[in-house]
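Asker: From the sequence below, what's the structure:
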Amino acid sequence: MKILFFDDFKLGVLKGDAVVDVSQVVLDIPHTGPGNLISGLIERFGDYRSALEKAVATGSGVPLKNVRLRPPLPKPVNIDCMAVNYMEDGTRKEPAPINAFHKSPNCVIGDGDTMILPDVPAAIFEGEAELALVIGKHADNVSAANALNYVFGYVNFIDGSARGLPPAGNTFYQMKSRATFGPMGPYLVTADEIKDPHDLHVRLWNNGALMQNYHTSDMAHKIPRCIEWVSSIHPLEPGDVLACGTNHRGLNPFQDGDLVELETEPLGRLHVKIRDDLKRTWARETRLQRQEKGLEGFTPQLTGRYAKV
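Answerer: Take a look at the predicted model:
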């Protein structure tokens, strides 16, 4: 099932190319807004699934192109992001030590929304194409052997980053948790529709040019181990998001006017616009292309405030 919010945060389910409004089915779930409505549905999904399926089967829906999609998880309690969690197409000799970071729930935006690059002296702005999983039930010290039983579903996620901010070596929070730096969507796909989350093709385009192009089989610490490790540090609750990391070789600078598209095939295609009021520019190249030229470090800023002349 592909679950989404649309227009004024009505709950919907995708049926082909149409959206069926199922908000009447979940009226009795206690909630104060769309954030805890979706987490409440996830927690009680077994009780509501048959009614949702019936509503979808009998409803005609409205064309997807005629609605405004919203983030399928508007404000998760936790967004945990795995760090350096890919083998980079076999170029890493061994996995990096398992690690993660928190990202603010206030950074979430949805399909068709705009990532805004702030007026800060970042060396570069990038967005990491990632597969993210959504927790389905309370998870505390979960074993890897049992971890996939705690996954409700999967969603596309872009981990926005403002890299190179001062002071050096102490920037993770201000690099990752900026407003609008957590695009996700276009919808949440239940786990039963994903045969193997380690057998998915992840692609990101910038203005139509394919930049990131990798496979989740390249993941260093697989999903069960990630859930085991994160849940050993703090409990995870229904609706929490765990982003699985990225292959960094295709990362490229995001700039004003860009249209970024992320597709993990079973999860649909997420569209995000980029706005930079300072109109800063960088060369159009990926990290891999830069390395192949024998160059080190980030692609340097070419024009605009903070450019180093």
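Asker: tell me the contacts of the nearest residue to T246 once chain neighbours are set aside?
Answerer: Excluding the flanking residues, the one nearest T246 by CB to CB, 6 or more residues apart in numbering is E128, at 3.9 Å. Where you see a C-beta, it was placed from the backbone N, CA and C, and this is true even at glycine. E128 is in contact with 158-161, 212, 245-246, 248, 251, counting by CB atoms under 8 Å, 6 or more residues apart in numbering.
Asker: ditto for R225
Answerer: Contacts were defined as CB under 8 Å, 6+ apart; by that measure R225 touches 98, 144, 147.
Asker: and what of D47?
Answerer: Contacts of D47 by CB under 8 Å, 6+ apart: none found.
Asker: looking at this, it is in a strand?
Answerer: No: judged by DSSP: H, G, I helix; E, B strand; the rest coil, D47 forms no part of a strand; its state is helix.
Asker: tell me which of the contacts of R225 is nearest to E228?
Answerer: A144 (4.3 Å; CB to CB).
Asker: Let me see the ranges of the helices in the stretch 201-309 of the chain.
Answerer: 223-233, 287-292 (DSSP state H, counting those that start in this stretch).
Asker: Pick the most deeply packed of the ones you listed.
Answerer: Highest mean neighbour count among the helices of the stretch 201-309 of the chain (mean count of other CB atoms under 10 Å): helix 223-233, with a mean of 19.
Asker: Tell me how the protein divides into domains.
Answerer: 2-70, 79-303 (automatic domain parsing).
Asker: Rounded mean pLDDT for the longest one, please.
Answerer: When pLDDT is averaged over domain 79-303, the result is 97.
Asker: mind listing the strands in the stretch 1-150 of the chain by residue range?
Answerer: 2-6, 10-15, 18-21, 62-63, 69-70, 79-82, 100-102, 108-109, 114-116, 124-135 (DSSP state E, counting those that start in this stretch).
Asker: would you list the ones you listed in a markdown table and tack on distance to D47?
Answerer: Formatted as a markdown table, the strands of the stretch 1-150 of the chain follow (distance: least, CB to CB, whole Å):
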| stretch | distance to D47 |
| --- | --- |
| strand 2-6 | 15 |
| strand 10-15 | 15 |
| strand 18-21 | 19 |
| strand 62-63 | 26 |
| strand 69-70 | 24 |
| strand 79-82 | 26 |
| strand 100-102 | 31 |
| strand 108-109 | 26 |
| strand 114-116 | 36 |
| strand 124-135 | 18 |
